[in-house]
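Novice: Structure for this input, please:
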Amino acid sequence: MYNQGEEHRNKLLRRADWRFLLGNPWPKKSTCLSSGLLAQAVQAVSAQYISVDKVMPDECDLAVASNPDSSSLRNAWKALRSGGSFYSEWSSPLAGGTLRIRRRLEAAGFSNVVCYWPWPIPYFSPALFWLPLDAPQAVRYFMSSRPRPTNPLARAAHNVLKILWKVGQRTRLLAPICVTARKVDLIGRTASPSSPEGELYGDWGDGKSGCITGRFDYLMWTGGKRSINKVVLYLFTAGEEIPSLVVKLPRTPETVPALTHEAHILQALHARNSEAAARAPAILFLHEVNGMVALGETTVFGRPLYKVVNQGNTLGLAIKVTEWLASLAVGEPCRPRADWWDQLVEPALRDFEQAFSPVLDVSVFPNCRAILNRLDDLPSAFEHRDCSPWNLLVTTSGELVVLDWESAEQNGLPALDLVYFLAYLIFFLDRAMKTGNFTESYRRASDPETFTGHLQATCQQRYIECTGLDPAALHPLRLLAWLIHSRSEIRHLSADAGGALRPADLRRSLFYNLVLEELAQDQNPAQDSVL
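Specialist: Model (predicted):
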């Protein structure tokens, strides 16, 4: 399943995202009583797929069906081993809503029946949210937390969602409905109607007692654009209106190291820098089983920074982020260049030259090395490595919260996160995220006379005041930031292309062009000026 092109792989895996509502998202033996893309998705996520005409009684961990009749329900129950999971989709409003569907499944012998409404409807595009129909507090949280779209069409779709939900619930005509169930409940305890149970979930740890106690309802988010994007479960205790914790799960095996790394990084951050850690989630548990993981974290609330900024509050918010980033370096020891060069700089140079060699001018690589050679001893810094306006939340009280530490570097270098944050903040302000005019936006920000240039210079000056960083190091560190980030961009571009990249693809690389921009600006000392 993992040698297919990214587009096809992503399509199949996302068609099977409902598996994360089951006790075991990675079944060993599965069967599907339907055909088409759903059957292909089941096959893609199973270690062994058995066609329905060859399955033996009590053989499968997972059985799947679409609009099953009584005969299909009997066949699914017969195919499952004791404790196995059943997933079904009911596309017609005539199915009778959750009450009638639950009765039909229980009559067929299934227990732990849980009904969800996916949005958007997965037949037309991958679902992003899975709402538990028997957990009104989770649904209320989802509805109230959705930002009001500014685009008229998106706002209309948002209003239609609310109307569909209310009408469908009252009339029992809500469709489609996705349902999970178990052949039997082997856990031996009473479960919440929307609690997934089984091999992975039944043993989740809270870091103290070794298991999660109590009853939970689950709201699932399956966003992102790539197959490697994680799945997030929001857990609600009975009667609570906000989630009490979140659980992150890997959609693919190659995502496991990133989640494991995030757990270890956040644990180190909380142990080392309590002031900076106050803006980050705390790790509750890291449960590892059969090569996969479940990462539990405390919940954080707020709106993404890019949805909050405007010309009136941008500078204040940017300074707040700058001071927080400075706190990740303040108090850290100054490290001799020899201690970090081979670990942080040389690999970035080597990977950049290897990836972009088909399009590099003969002078580019020597010039990059010459600029980076200006760096001297530097203080250590706890790098986030993805400090972007979509990973920064602004709470109702105006405080910051920082998400997604999967790429963080515990013993990194100063200013790299500041460079990344300011660039993307300015891209949002200039609407470059929509127009694609990234290089022009980046170039304007080098002029302190422009609005974005004044913003960048002010934040750089504040960072220098807080950390004592030599201003002359800013330009080499900006260059290093884009060399480092070009590695992940190349991985994504290669996955999208399904192989080697063409020279035209390389030339369109954002970080390649920002490297060239830094080289072009090297002849103008004024570009490194601060207020």
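
Novice: Mind listing what's buried along the helix or strand containing Pro118?
Specialist: Here Pro118, judged by DSSP states H and E, is contained in strand 111-119. Across strand 111-119, burial judged by 16 or more other C-beta atoms under 10 Å covers Asn112, Val113, Val114, Cys115, Tyr116, Trp117, Pro118. Glycine gets a C-beta too; all of them are placed from N, C-alpha and C.

Novice: farthest-separated two in these?
Specialist: Asn112 and Pro118 (18.9 Å; C-beta to C-beta).

Novice: Pro253: neighbour count?
Specialist: 12 (other C-beta atoms under 10 Å).

Novice: if I look at it, how far off is Val45?
Specialist: To Val45, Pro253 is 11 Å away according to C-beta to C-beta, to the nearest Å.

Novice: Quick check: Glu262 touching Val402?
Specialist: No - look at Glu262 against Val402 with C-beta atoms under 8 Å: they stay out of range, at 11.8 Å.

Novice: immediately after the helix or strand containing Leu425, which helix or strand?
Specialist: Using DSSP H and E, Leu425 falls within helix 416-429. Using DSSP H and E, the next helix or strand after helix 416-429 towards the C-terminus is helix 432-435.

Novice: Quick check: buried residues in that following helix?
Specialist: Those would be Ala432, Met433, for helix 432-435 by 16+ other C-beta under 10 Å.

Novice: Run through the neighbouring helices and strands of it.
Specialist: Applying 3 or more C-beta pairs under 8 Å, 6 or more residues apart in numbering; DSSP states H and E, one finds that helix 432-435 contacts helix 438-444.

Novice: residue boundaries of the strands in the stretch 151-300 of the chain?
Specialist: 177-182, 216-221, 231-237, 245-249, 283-289, 292-298 (DSSP state E, counting those that start in this stretch).

Novice: Indicate each strand paired with the second one and its parallel or antiparallel sense.
Specialist: In this case it means strand 216-221. Strand pairing for strand 216-221, using DSSP bridges, gives strand 129-132 (antiparallel), strand 231-237 (antiparallel).

Novice: The fourth one now?
Specialist: For strand 245-249, sheet partners with direction are given as strand 231-237 (antiparallel), strand 292-298 (antiparallel), following DSSP bridges.

Novice: Leu493 is nearest to which of these?
Specialist: strand 231-237 (23.8 Å).

Novice: Ends of stretch 374-387, what's the gap?
Specialist: 25 Å (C-alpha to C-alpha, to the nearest Å).

Novice: Name the nearest residue to Glu7, sequence neighbours excluded.
Specialist: In this structure, Glu7 finds its nearest non-sequential neighbour in Asp496, 7.3 Å apart by C-beta to C-beta, 6 or more residues apart in numbering.

Novice: In what element of secondary structure is the one you found found?
Specialist: Here Asp496 is assigned to helix 474-497, by DSSP H and E.

Novice: Show me what secondary structure element comes after that helix.
Specialist: Using DSSP H and E, the first helix or strand after helix 474-497 is helix 503-507.

Novice: Buried residues of that following helix, list them for me.
Specialist: For helix 503-507, by 16+ other C-beta under 10 Å, it's Asp505, Leu506.

Novice: May I have that helix as PDB, with CA atoms only?
Specialist: What follows is helix 503-507 as a C-alpha-only set of coordinates in PDB (Å, rounded to 0.1, in the frame of the first residue of the first chain):
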ATOM      1  CA  PRO A 503      14.100  21.300 -13.000                       C
ATOM      2  CA  ALA A 504      10.900  23.300 -13.400                       C
ATOM      3  CA  ASP A 505       9.500  21.900 -10.200                       C
ATOM      4  CA  LEU A 506      12.800  22.800  -8.300                       C
ATOM      5  CA  ARG A 507      12.700  26.300  -9.600                       C
END
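
Novice: tell me what that helix is packed against?
Specialist: Checking 3+ C-beta pairs under 8 Å, 6+ apart, helix 503-507 ends up next to no helix or strand.

Novice: taking the mean pLDDT, what do you get for that helix?
Specialist: Helix 503-507 carries an average pLDDT of 93.

Novice: Give me the average confidence score over the next helix or strand after that helix.
Specialist: Next in sequence after helix 503-507, counting helices and strands by DSSP H and E, comes helix 510-521. Throughout helix 510-521, pLDDT has a mean value of 96.
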